[in-house]
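*Asks:* Pasting a predicted model and its sequence here:
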Amino acid sequence: MEFKFFYHFGNFLLMLKGMFSRPENFKMYWKQFMQQCVDIGVGSFGIVFIISLFMGGVTTLQTAYQLVSPIIPKSTIAQVVRDTIILEFAPTLTSIVLAGVIGSKIASELGNMRISEQIDALEMMGINTKGYLIAPKILAATLMIPVLVAIAGFLGIWGGKEAGVLSGVLSSEQFMQGLRQEFKAYNVFFAMAKSFSFGFIIASVSAYYGYNVQGGALEIGKASTTAVVVSCVLVLFMDYALTAILL
């Protein structure tokens, strides 16, 4: 088990090292990068939108259910919802969902190219496939996932406000008051730091498993599943590590 871990870890580092070479055609690399930004960012917006709204709404209603004491002001609900969404739900929950959406896509895409010998054909033409196929995906995910997390944070808080007002738990003014109470800008920096790390983990791990597929269609399915599982585990581990270090 230990040797298997070191084997994969060493191969993973070699894959990352292989990406850093001078692009043969910068224009093509840029086009590939922009295409990945659209696929990852715009392609995942729908699922992020739905999850964020319901995440905020459920958080507000459950927080209101817990805070039953008349001593605690209603605005505290908004404060709890704000910090919960910014610190944990927006970066971590969104990234775990995106690990399934983006991770499986990257792994299956590269896996299909590997078994259909498209990667071998590109290498025969003298193209650095790690730089051309993997680097744009990792850069795009590292850039777009924090953007999606920021959108998820805004939508989550807005969804929480709407759910609170519609259910009669608290008024719009009380929610806005709680939203401004004891706000720490550092929490936003912390959420962005986590989302950059998660974006890199999701794209690089998925690319590694997809790029190194051997076999046929069955192996592509296994590689996609493994990529998603490993990405989710590493995201949760990194979540704990960054929380311990930065908070």
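*Replies:* Received it, and whenever you're ready, just let me know what you need.

*Asks:* Would you mind listing the buried residues in the helix or strand residue 175 falls within?
*Replies:* Here residue 175 sits within helix 172-180, counting by DSSP states H and E. For helix 172-180, a neighbour-count test (16 or more other Cβ atoms under 10 Å) marks 174, 175, 177, 178, 179 as buried. All C-beta spots, glycine's among them, are computed from the backbone N, C-alpha and C.

*Asks:* quick one: contacts for the most centrally placed residue in the chain?
*Replies:* Nearest residue to the geometric centre of the chain (Cα atoms, centre = their mean): residue 95, 3.0 Å. For residue 95, the contacting residues are 145, 149, 194, 195, 198, 199, 202, 235, by Cβ atoms under 8 Å, 6 or more residues apart in numbering.

*Asks:* right, and the helix or strand after the helix or strand hosting it?
*Replies:* With elements taken from DSSP H and E, the one containing residue 95 is helix 94-98. Scanning forward in sequence from helix 94-98 by DSSP H and E, the next helix or strand is helix 104-115.

*Asks:* so the longest helix along the chain versus helix 104-115, what angle?
*Replies:* The longest helix of the chain (DSSP state H) is helix 135-166. Counting by axes from the mean of the first three to the mean of the last three Cα atoms, to 10 degrees, helix 135-166 points 160 degrees away from the direction of helix 104-115.

*Asks:* mind checking how far stretch 85-102 is from the chain centre?
*Replies:* From the chain centre to the centre of stretch 85-102 is a distance of 5 Å (Cα atoms, centre = their mean, to the nearest Å).

*Asks:* ends of it, how far apart?
*Replies:* End-to-end span of stretch 85-102 (Cα to Cα, to the nearest Å): 22 Å.

*Asks:* And the helices in the protein, which stretches?
*Replies:* 2-19, 26-37, 45-66, 75-84, 94-98, 104-115, 118-124, 129, 135-166, 172-180, 185-211, 217-246.

*Asks:* mind giving me JSON lines with those and columns for mean pLDDT?
*Replies:* Shown next, in JSON lines, are the helices of the chain (pLDDT from 0 to 100):
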{"stretch": "helix 2-19", "mean pLDDT": "84"}
{"stretch": "helix 26-37", "mean pLDDT": "89"}
{"stretch": "helix 45-66", "mean pLDDT": "92"}
{"stretch": "helix 75-84", "mean pLDDT": "90"}
{"stretch": "helix 94-98", "mean pLDDT": "93"}
{"stretch": "helix 104-115", "mean pLDDT": "91"}
{"stretch": "helix 118-124", "mean pLDDT": "87"}
{"stretch": "helix 129", "mean pLDDT": "86"}
{"stretch": "helix 135-166", "mean pLDDT": "93"}
{"stretch": "helix 172-180", "mean pLDDT": "89"}
{"stretch": "helix 185-211", "mean pLDDT": "93"}
{"stretch": "helix 217-246", "mean pLDDT": "92"}
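
*Asks:* Deepest in the core, which of those is it.
*Replies:* Mean neighbour count (mean count of other Cβ atoms under 10 Å) peaks for helix 94-98 among the helices of the chain, with a mean of 24.

*Asks:* and that helix, C-alpha only, in PDB?
*Replies:* C-alpha atoms of helix 94-98 as PDB (Å, rounded to 0.1, in the frame of the first residue of the first chain):
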ATOM      1  CA  THR A  94     -19.300  23.500  -4.000                       C
ATOM      2  CA  SER A  95     -15.900  22.000  -4.500                       C
ATOM      3  CA  ILE A  96     -17.100  18.500  -3.600                       C
ATOM      4  CA  VAL A  97     -19.900  18.800  -6.100                       C
ATOM      5  CA  LEU A  98     -17.500  20.200  -8.700                       C
END
